[in-house]
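[1] Got a predicted structure plus its sequence, pasted below:
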Amino acid sequence: MSKTIAGVDVSFETKRLNDVNRLTGMVDDAMNEVDEHFGRKDFAHVVSLILKEGYGSHNFEGFVAELQEFLGLSTN
């Protein structure tokens, strides 16, 4: 049974956030397993390969916009 608050399916949003947190931990663990001092250049390279191979160039702009927003770098 889902719960709705102000038109938002809270159970779906809670699951999504739990999935994001779980995946964040898994990615961090995997990076540390490969190299405890994984550099930002290597991390950016890995993310770019995932975007190119798994999501396609048509998603680049949207991904960068979301990333900027999550980092507080939004230009809007």
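    In hand now; what should we look at?

[2] tell me the domain ranges of this structure?
    Taking automatic domain parsing as the reference, the chain has its domains at 1-36, 39-76.

[3] a markdown table for those domains, including mean neighbour count and mean pLDDT?
    For every residue, glycine as well, the C-beta is placed using N, CA and C. Rendered in a markdown table, the data for the domains of the chain read as follows (neighbours: other C-beta atoms under 10 Å; pLDDT from 0 to 100):
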| stretch | mean neighbour count | mean pLDDT |
| --- | --- | --- |
| domain 1-36 | 10 | 81 |
| domain 39-76 | 10 | 89 |
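
[4] Tell me the gap between the one helix or strand residue 27 maps to and the middle of its chain.
    Here residue 27, judged by DSSP states H and E, is contained in helix 10-34. Averaging C-alpha coordinates over helix 10-34 and over its chain gives two centres that are 9 Å apart (C-alpha atoms, centre = their mean, to the nearest Å).

[5] which residues are contacting the next helix or strand after that helix?
    Proceeding C-terminally, helix 10-34 gives way to helix 40-50 as the next helix or strand, assigned by DSSP H and E. Residues lying outside helix 40-50 but in contact with it, judged by C-beta atoms under 8 Å, 6 or more residues apart in numbering, are 31, 35.
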